[in-house]
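In: Generate a structure from the sequence data that follows.
(2 chains)
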Amino acid sequence: GAVVSQHPSRVICKSGTSVKIECRSLDFQATTMFWYRQFPKQSLMLMATSNEGSKATYEQGVEKDKFLINHASLTLSTLTVTSAHPEDSSFYICSARERGSSIQYFGAGTRLSVL
Amino acid sequence: EDQVTQSPEALRLQEGESSSLNCSYTVSGLRGLFWYRQDPGKGPEFLFTLYSAGEEKEKERLKATLTKKESFLHITAPKPEDSATYLCAVVLSTGGFKTIFGAGTRLFVKA
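Out: Down below sits the predicted model:
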């Protein structure tokens, strides 16, 4: 149980294009989903928290117009990196948490490379 | 300020050489402490949850313990496949289950 699927696992795109990453909870209802960014050999940096049906809460320093988050259902959240630039290249990881639980279950991550 | 510190940053062991990883925390209120394992290029994999001082959890060669100030992840007779980064995370009892992650300990086990 508690499987979180993240797709795609790897994406390469040209500068200026937008990229969408999907995060799905497969066997539970994720009332809260999180999006993280991870730099090489560093820990997770929380970008935003989203609750189903409401706007995401972004961490300080994260541009909400750059990183669009949609949590339209209890099993799906998406992160769209708009007008991506090389500095957006990174490893993005989502996690999901069930109502009443404090455990986050993570997706496998998405490696984004912007040329 | 709420803080989670993991030590050491990196640990190199020989196969079979038992050791411990430390996670010390200073938080306003603890709801739970979590251990995760992360392999390179993958998302973290949930290992354990500990909720109160004195609690212990075990899984194969891993054993997690909790006190009021820190948690230890004991690795008994490690194997090369235990090589990974181990992350500690603390969930606060206030502020909507806010989670603070430590920087991780990178474990290398040599055959």
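In: Any regions of chain A where pLDDT drops low?
Out: A:1 (pLDDT under 70).
In: measure B:Ser93 to B:Gln38 for me?
Out: 25 Å (CB to CB, to the nearest Å). Every residue, glycine included, has its C-beta placed from N, CA and C.
In: So for those two, which residue has more residues nearby?
Out: Between B:Ser93 and B:Gln38, B:Gln38 has the larger neighbour count (other CB atoms under 10 Å in any protein chain shown), namely 21 against 14.
In: what's the span of stretch A:81-101, first residue to last?
Out: One end of stretch A:81-101 to the other measures 29 Å (CA to CA, to the nearest Å).
In: Is it positioned near chain B?
Out: Yes - using CB under 8 Å from any CB of the partner chain, stretch A:81-101 reaches chain B at A:Phe91, A:Ile93, A:Cys94, A:Ser95, A:Arg97.
In: was I right about the third one contacting A:Ser77?
Out: Yes - under the criterion of CB atoms under 8 Å, A:Cys94 makes contact with A:Ser77 at 6.5 Å.
In: Spell out the secondary structure type for the nearest residue to B:Ala77 once chain neighbours are set aside.
Out: Leaving aside its sequence neighbours, B:Ala77 sits nearest to B:Gly16 (CB to CB, 6 or more residues apart in numbering or on different chains; 5.0 Å). On the three-state scheme (DSSP: H, G, I helix; E, B strand; the rest coil), B:Gly16 is labelled coil.
In: Please report how far B:Gly16 lies from B:Arg61.
Out: Where B:Arg61 is concerned, B:Gly16 sits at a distance of 10 Å (CB to CB).
In: Overlap in contacts, those two.
Out: B:Ala77, B:Pro78 (CB atoms under 8 Å, 6 or more residues apart in numbering or on different chains).
In: Can you pick out the residue with more neighbours from these two?
Out: For B:Gly16 versus B:Arg61, the count of surrounding residues by other CB under 10 Å is larger for B:Arg61: 14 against 11.
In: Next up, phi/psi of that one, please.
Out: phi -90, psi 0 (degrees, to the nearest 10).
In: I figured B:Glu17 was touching B:Thr76, is that so?
Out: No - checked against CB under 8 Å, the pair B:Glu17 and B:Thr76 is beyond contact range at 9.9 Å.
In: what separates the residue nearest to the spatial centre of chain A from B:Ala103, distance-wise?
Out: Centroid-nearest residue in chain A, with CA atoms, centre = their mean: A:Trp35, separated by 3.6 Å. Computed as CB to CB, the A:Trp35 to B:Ala103 distance reads 19 Å.
In: Can you flag which of the residues of stretch A:81-101 next to chain B belong to helices?
Out: Among the residues of stretch A:81-101 next to chain B, no member is found in helices (DSSP state H).
In: In these, which residue is surrounded by the most others?
Out: That'd be A:Cys94 among the residues of stretch A:81-101 next to chain B, by other CB under 10 Å, with 31 neighbours.
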